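Undergrad: Any chance you can model this:
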Amino acid sequence: MKITYLSDSAIPSKRANSVHVMHMCNAFRELGHEVTLFGLNGDHTTLEETMSWYGVSGFDIELTSLRIPKLTLWLHANNMLHAVKKIQPDLIFGRSLFGCYLLAKNGYKVFLETHDPLNTLTKQQVKIFNWLLKSPNLIGLVVISEALKKIILSQTTLINEDRILVAHDGATLQKINNEALESYAWPTPVNGRLQIGYVGTISKGRGIELIISLAEKFDDLDFHIIGGRKEDLLAIGLQEVGELNNVFFHGFVSPREAALARKKCDILLAPYQEDVTLRSGKNTAKYMSPLKVFEYMEAGKAIIASDLPVLREVLVNMDNSILCKPSEIGAWEKSISLLVNNEKLRLELGSKAQTHLLNSYSWKRRAERVNLFISEKSSSLK
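TA: Okay, the predicted model is just below:
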């Protein structure tokens, strides 16, 4: 099948949405489809360099370079419309609200994926989204969590439950050999100290402050923060990180380096708070499906994560992770102590998490579920 994937992601970029769309296109390609991805031009690199950066291959990418404030997404959508007329795909799927709207407006059948409830959209976006929900050309909607599905159904009567598919985010098993792992730049642990890691964005609600508090408590463990910039630490009020000898700030790294960093750790932390704020100002704590969690599962390392309802859709306490109340630092301290003193449990939790990822949450599994949903909804039109 010839698939056109519409996205507004800057490619390449440091944003999680670009990782998502690149790996979904790669997964569709692995299922035997011919895929063309549309996006915005990020850092100007060759196609080969971009593919290598994300660790994907085998599909085409077409990027819009022109940027005009307030008009960029409309110009991009118009570019996608003209390209689709030439490509004549069998399927149009996308995360671009404007793109899917313009294509549907011109008579094309589309599938839309959204990661946001209506109350986080602008008035213009809500108007477009509602138009799409009423349009017979929107065949189905994909969302990233059961929580998001419930929120959307509570906010609108324009779509039925059976037209919505829940497909959580995912990850792909990384092929990492011992040579690559050993050569990766990493502070040498003193006396075999266990390595505790956080890989991801540094912003309000990510629990970085809690990690620093844990590092102060466990001065015999090494804590690594991989991602973000030092300015981000200052923005959330953390000036004292450099004063702790057991905290290492690595800054932003490539997806490949992030995979190596996760493998270097013994325990991975996902201390999301009850308010998780994106750069856009959106609070996603109630409906998110964090890429970080699935990438942690892929690494096969013990995970300690916040006990939030949306994370319990994937994580199970004392089965594939340990879950702690976000703000109860005592619970986090006990969980770290438990894993530090119980290597068997540490390894079992990591192994179960990785198995769960491979069986249910790989990008390929996600693409298969989306593919089946598309087939079912498309066949119902015939």
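Undergrad: and the gap between the residue nearest to the spatial centre of the chain and Lys204?
TA: Taking CA atoms, centre = their mean as the criterion, Leu291 is the residue nearest the geometric centre of the chain, at 3.0 Å. Distance of Leu291 to Lys204, computed by CB to CB, to the nearest Å: 18 Å. Yep, even glycine has a C-beta here, placed from its N, CA and C like the rest.
Undergrad: repeat for Leu97
TA: 25 Å.
Undergrad: again with Met22
TA: Using CB to CB, Met22 is found at 27 Å from Lys204.
Undergrad: Which one's more surrounded, these two?
TA: Neighbour tally, Met22 and Lys204, criterion other CB atoms under 10 Å: the higher count belongs to Met22, 27 against 20.
Undergrad: Can you verify my assumption that that one contacts Ser52?
TA: No - judged on CB atoms under 8 Å, Met22 makes no contact with Ser52 at a distance of 11.4 Å.
Undergrad: got the contact list for stretch 134-153?
TA: The contact list for stretch 134-153 (CB atoms under 8 Å, 6 or more residues apart in numbering) reads 100, 103-104, 107-118, 132-133, 158-159, 161, 163-169, 286-289, 309-310, 313, 370, 373-374, 377-378, 381.
Undergrad: What residues of that stretch count as buried?
TA: By neighbour count on 16 or more other CB atoms under 10 Å, the buried set for stretch 134-153 is 135, 137-145, 147-152.
Undergrad: Now name the helix or strand holding Arg369.
TA: Using DSSP states H and E, Arg369 sits in helix 363-379.
Undergrad: State the mean pLDDT of that helix.
TA: Averaged across helix 363-379, pLDDT comes to 95.
Undergrad: got the contact list for that helix?
TA: Applying CB under 8 Å, 6+ apart, the external contacts of helix 363-379 come out as 23-24, 26-28, 30-31, 91, 93, 109, 111, 139-140, 142, 163, 165, 167-172, 359.
Undergrad: now the strands for the stretch 201-350 of the chain?
TA: Counting by DSSP state E, counting those that start in this stretch, the stretch 201-350 of the chain has these strands, from start to end: 222-226, 247-251, 267-270, 302-306, 322-324.
Undergrad: possible to save the ones you listed as JSON lines with mean pLDDT and mean neighbour count?
TA: What follows is the strands of the stretch 201-350 of the chain, written out as JSON lines (pLDDT from 0 to 100; neighbours: other CB atoms under 10 Å):
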{"stretch": "strand 222-226", "mean pLDDT": "96", "mean neighbour count": "24"}
{"stretch": "strand 247-251", "mean pLDDT": "92", "mean neighbour count": "17"}
{"stretch": "strand 267-270", "mean pLDDT": "99", "mean neighbour count": "26"}
{"stretch": "strand 302-306", "mean pLDDT": "99", "mean neighbour count": "26"}
{"stretch": "strand 322-324", "mean pLDDT": "99", "mean neighbour count": "22"}
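Undergrad: of all those strands, which lies closest to Gly42?
TA: Gly42 sits nearest to strand 247-251 of all these, at 18.6 Å, using CB to CB.
Undergrad: send the alpha carbons of that closest one over as CSV?
TA: Output of strand 247-251 as CSV, limited to C-alpha atoms (Å, rounded to 0.1, in the frame of the first residue of the first chain):
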residue,chain,number,x,y,z
VAL,A,247,25.3,14.2,39.7
PHE,A,248,26.4,14.3,36.0
PHE,A,249,24.7,16.5,33.5
HIS,A,250,25.2,15.2,29.9
GLY,A,251,23.1,17.7,28.0
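Undergrad: That strand pairs with which strands, parallel or anti?
TA: strand 222-226 (parallel) (DSSP bridges).
Undergrad: List the contacts of the partner strand.
TA: 187, 189, 193-200, 202, 208, 211-212, 214-215, 241, 244, 246-251, 253, 258, 261, 264-265.
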